[in-house]
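Predicted model, plus sequence, below.
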Amino acid sequence: MSIVDTIRAGNEAQQGLKPRSELTARELLREVGSVLRLSEADAAKLGDVPADPNEDQTMIINMGPQHPSTHGVLRLMLELRGEEVLRCKPIIGYLHTGMEKTGENLTFMQGGTNVTRMDYVSPLNNELVFSMATEKLLGIDGDIPERAVWMRMLLSELNRMSSHLLFLATNGMDIGAVSMMIYGWREREEVLRFFQKVTGLRMNHNFIRPGGVAADLPAGWRDDVLKLLDLIPPRLEEYDTLMTGQPIWRERLQGVGVITAQEALALGATGPILRSTGTAWDLRRDMPYLHYPEMDFDVIVGSYGDAFDRYAIRLNEVRESMKIVRQILDRMPGGDYRIQDKKVTPPPRARIDESMEALIHHFKIFTEGFKVPEGEVYTAIESPRGEIGCYIASDGSATPYRIHVRAPSFVNIQCMPHMLRGGLIADAVAVISSVDPVLGEVDR
Amino acid sequence: MSDAPAAAPDEAVSAPEPPSRHGCPLSDSRGQVVLHPSRQQYVGVVRALLDEGFEMCVDLTATDYLLFPERSLPVEITPERFEIVVNLLSLSAKERIRLRVQVPADDPSIDSLFDLHPGTEAMEREVFDMFGITFNDHPDLTRILMPEDWEGFPLRKDYDTGTIPVQFSTDFGARS
């Protein structure tokens, strides 16, 4: 049977969750056992419901894609017995716009506008990983001016803060602490206001570009950051009062959506999910890039692997990011903000008025882009959601031959069936929220 | 084309025996370690690397080299149209390794890594969806991002992107 026949033979519900009566014991075992790395006997015990097609013991329902707490357009198919979730399958693709294909038609110069729209909650991290991959291909990754490197770190950490603040808002909203939603969005907006001042846009900045950053920091940026650093700590204290110590909040999250370190590793989960299981893995510390080795910060680790740990990790990572931002403020050097390599950097505006060659060069670099030597690289950085990677294969032209973004949410979403298994349907919302997927990045 | 012959004698001078690991040629791509197993060696090599401590399969993707067959590869490797690219990570050794497996166009299939790294489930489905490469013994090989009844594989190089006509301000016509 050819591939096309395979697809044509499939009915409408091919991607969906199969009813239990159509499921073989082996399929069930692979679905569960392979991830948990169980023996066959142990895994067989997990297929706990006897497959009896005549009895209506279980029900399959759809949650999403238009459910407010699915953070966009995530659809979960859940098999329920009463209120207990037996199986779950995330169905994605509703937001797929072919961004990797689009990326093949955009020059390395234009690529930033594309990748920044993938994980739209932490756009600067996407741009950073794309720029780092391009620079590695160009062989200029060691020549980026100091000021650009520190600016990249500053923006990346502030972006981590804004992303985690958004998580705190949506997590609160999903679980019923609706006032938290307003507080989280409010604080995030303060960070975005700074981004707007620096990059001109609140989101989708296209500010970090191959070779450096697009512009220098505006006048008064230091005061703005300091204001931000004074503003947020007391607000985080408020969150602690409102949520962390509150019995309802703890009841709602503790012991919910548990995942073990072994499962997280097997599933390729990274970021707060992996750290919640007690595995201290943070690319900023363990496989450092930029100037992170010189920074003093802690990797926040949980111990139970539950939704509460993931909440607490993100809350405290905001504090760690602020610690890093303070150190960056002390050490921000002067100088160029982009590499003075005529190949990748357009001539400054003033030169265009006086030199014909500069004008031609400026025109050519924006219309044709710059050529990148052939080769392939994979770079990875720690985004707020985990490891974001960028794989670029170049054929020596001005557009990537193949660009692939390893999206942390895409991989992390696979943890959901294992976190939800055996839990209650009411906890599903808490679990989805604690994974913190961004569907723009999942579907790309 | 010019790169491949230039690289080969270079390696021969520095190391008389071409570098290899687990019986597969090893190469260096901008300082990153790349292993080139054959389709038959693929799962065995990933298993051996897993035992060595590469406990996480970070990424699995593919590339369609239809328009760029002359890419640089170790001399032992016959270039094929498709390439499966797997990135493995060792948390204990803080190391990465990349596998590039050649997959021919007339039989686009390869064994699944699901039993070794269950996290590749969605990634392999994505590769199937985008490139039409089938994974033997994958538990649920269906389209993941595209609609179920979609025809063609979008990230293949012979898949037409199509264009949307851009309407300029001179010709708006009446708004209904």
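Nice, I can see it.

Counting neighbours, what do you get for the residue in the stretch 151-300 of chain A that chain B sits nearest to?
Scanning the stretch 151-300 of chain A for the residue nearest chain B gives residue A:268, at 3.1 Å (criterion: Cβ to the nearest Cβ). In this view, the C-beta of every residue, glycine as well, is placed from N, C-alpha and C. The local packing of residue A:268 (other Cβ atoms under 10 Å in any protein chain shown) involves 30 other residues.

Would you list the phi and psi of it?
Per-residue torsions, residue A:268: phi 80, psi 20 (degrees, to the nearest 10).

Name the helix or strand for residue A:266, please.
Here residue A:266 is covered by helix A:261-267, with elements defined by DSSP states H and E.

again, but for residue B:87
Under the assignment here (DSSP H and E), residue B:87 is part of strand B:82-90.

elements contacting that strand?
With contacts defined as 3 or more Cβ pairs under 8 Å, 6 or more residues apart in numbering or on different chains; DSSP states H and E, strand B:82-90 has these neighbours: strand A:375-383, strand A:386-394, helix B:42-52, strand B:56-64, strand B:95-103.

now with 7 Å?
strand B:56-64, strand B:95-103 (3 or more Cβ pairs under 7 Å, 6 or more residues apart in numbering or on different chains; DSSP states H and E).

Tell me how many other residues surround residue A:423.
Other residues near residue A:423 come to 19 when the count uses other Cβ under 10 Å.

ugh, wrong one, I meant residue A:248
So residue A:248, with other Cβ under 10 Å, has 11 neighbours.

follow-up on the earlier one: out of the helices and strands packed on strand B:82-90, flag the one nearest chain A.
Among the helices and strands packed on strand B:82-90, strand B:56-64 sits nearest to chain A (Cβ to the nearest Cβ), with 4.1 Å.

Taking helix B:42-52 as reference, get the angle to that closest one.
150 degrees (axes from the mean of the first three to the mean of the last three Cα atoms, to 10 degrees).

and strand B:56-64, is it in reach of chain A?
Yes. Looking at strand B:56-64 against chain A by Cβ under 7 Å from any Cβ of the partner chain, the contacts come from B:56, B:57, B:58, B:59, B:61, B:63.

What parts of chain B come near chain A?
By Cβ under 7 Å from any Cβ, the residues of chain B that approach chain A are B:3, B:29-30, B:32, B:55-59, B:61, B:63, B:68, B:71-72, B:85, B:87, B:91, B:94, B:98, B:114-115, B:117-119, B:121-122, B:132, B:134, B:139, B:142-146, B:148, B:151, B:154-155, B:161.

Of the residues you listed, keep whichever come out buried.
Neighbour-count burial (16 or more other Cβ atoms under 10 Å in any protein chain shown) applied to the residues of chain B next to chain A gives B:29-30, B:32, B:55-59, B:61, B:63, B:68, B:71-72, B:85, B:87, B:91, B:98, B:114-115, B:117-119, B:121-122, B:132, B:134, B:139, B:142-146, B:148, B:154-155.

still on that earlier bit, buried set for the helix holding residue A:266?
Here helix A:261-267 shows A:261, A:263, A:264, A:265, A:266, A:267 as buried, counting by 16+ other Cβ under 10 Å.

helices and strands around it, which ones?
Identification of packing neighbours for helix A:261-267 by 3+ Cβ pairs under 7 Å, 6+ apart yields helix A:25-36.

Can you show me the strands along the stretch 1-150 of chain A?
Under the criterion DSSP state E, counting those that start in this stretch, the stretch 1-150 of chain A contains strands at A:59-63, A:75-81, A:84-91.
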